[in-house]
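Visitor: Sequence and computational prediction follow.
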Amino acid sequence: MTSEILPDLIGKPILGFLPALCEANPSISHLRLETYKPISGLWKRLKEHWPIVNSEIGQQAEIIAKDSLLPAWNHFAHLALKRGCTLEQSMVNAVIDQHSNPPSTVVDISRERVLEGALSKIVADFPAGLGVVVCSNILTTSGEALRIPMMDFLCKISESSQSAIAAFVRAGELTPAVIVNSGQSYHVYGMRLLTEKEWIQFLANSLLFAPITDARYIGHRLREMEFKLKVRSENGEVPHIVGIVSSDL
């Protein structure tokens, strides 16, 4: 059934994947959605508080980042240390500290409602200006803790990027899975639910695939022991499925 459903999802919003996930995994009891308020990214926050980030070093880091997988912060840190600059303690704290952005709303949605197609209306009814994410940790009928494999990527939108992501999914034995255009890059959702031990192995594999995967995203998600990916951005845009990854090449 899974192999028949997934190809039909290409071009559809990511919300179309979640009923297929529930259908393929009868143990799912509920899925969880959360809303969030948009906050500034790390680089913008650094530029607002530390003059050195706005110096020639920061400007050069931004130029390099335009043609790189890595964000400007990575290039700035490398250039600053190479030139003997001191990174202030407060800046380092800002880089590694969890920037608090608690969910505005948390909604558990039953498997039955998901299969009935209720997700689109639920997401549409959230207030404008809020983003919506789906959470990886799920409630099962047996009480077992399982997780949806999810990953965020840094690579630019291209056929070569999709090919690399598909190879990563196959290497981690996460098939079948869907590749989603997230706007600037890609997300991946796997169909096979993971135990905690399998999930940690998946995260280890994902870090080894950086910078194609987003290492900072992984770090933040590890702190919460849960991954979250947007199903609606704060401006109302919805990510769409652009590829299916099967075990066959």
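Guide: Structure received.
Visitor: got the contact list for the spatially closest residue to residue 25 that is not a sequence neighbour?
Guide: Spatially, and ignoring its direct neighbours in sequence, residue 25 is nearest to residue 193 (5.6 Å; Cβ to Cβ, 6 or more residues apart in numbering). Placement of C-beta: from N, CA and C, glycine included. Residue 193 sits next to 25, 27-28, 138, 146-149 when contact means Cβ atoms under 8 Å, 6 or more residues apart in numbering.
Visitor: now do residue 194
Guide: Residue 194 sits in contact with 146-149, 202, where contact means Cβ under 8 Å, 6+ apart.
Visitor: List the buried residues for the helix or strand hosting residue 60?
Guide: Residue 60 belongs to helix 56-66 when assigned by DSSP states H and E. Within helix 56-66, the residues scored as buried using 16 or more other Cβ atoms under 10 Å are 57-58, 61-62, 64-65.
Visitor: What sits closest to residue 236 if chain neighbours are left out?
Guide: Leaving aside its chain neighbours, residue 236 sits nearest to residue 128 (6.8 Å; criterion: Cβ to Cβ, 6+ apart).
Visitor: doesn't the one you found fall inside a strand?
Guide: No - counting by DSSP: H, G, I helix; E, B strand; the rest coil, residue 128 is not part of a strand but coil.
Visitor: Give the burial count for it, as a bare number.
Guide: Other residues lying near residue 128 total 7 when counted by other Cβ atoms under 10 Å.
Visitor: So it sits against residue 37, correct?
Guide: No - contact between residue 128 and residue 37 fails when scored by Cβ atoms under 8 Å: they sit 11.9 Å apart.
Visitor: For this structure, which segments count as strands?
Guide: Taking DSSP state E as the test, the strands found in the chain are 28-36, 105-110, 131-135, 137-140, 146-147, 150-152, 177-181, 186-190, 228-232, 240-245.
Visitor: right, and those strands - which one's nearest residue 83?
Guide: Ranking these by proximity to residue 83 (Cβ to Cβ) places strand 150-152 first, at 31.0 Å.
Visitor: starting at the chain centroid, how far to that closest one?
Guide: Centre-to-centre, strand 150-152 and its host chain are 4 Å apart (Cα atoms, centre = their mean, to the nearest Å).
Visitor: Mind giving me the packing neighbours of it?
Guide: For strand 150-152, the packing partners by 3 or more Cβ pairs under 8 Å, 6 or more residues apart in numbering; DSSP states H and E come out as strand 186-190, strand 228-232.
Visitor: quick check: angle from the last one to strand 28-36?
Guide: Angular relation of strand 228-232 and strand 28-36 on a 0 to 180 degree scale: 70 degrees, by axes from the mean of the first three to the mean of the last three Cα atoms, to 10 degrees.
Visitor: Show the average pLDDT along strand 228-232.
Guide: Averaging pLDDT along strand 228-232 yields 96.
Visitor: Which neighbours in the sheet does it have, and how are they oriented?
Guide: strand 131-135 (antiparallel) (DSSP bridges).
Visitor: same deal with the first one?
Guide: According to DSSP bridges, strand 186-190 forms sheet pairs with strand 150-152 (antiparallel), strand 177-181 (antiparallel).
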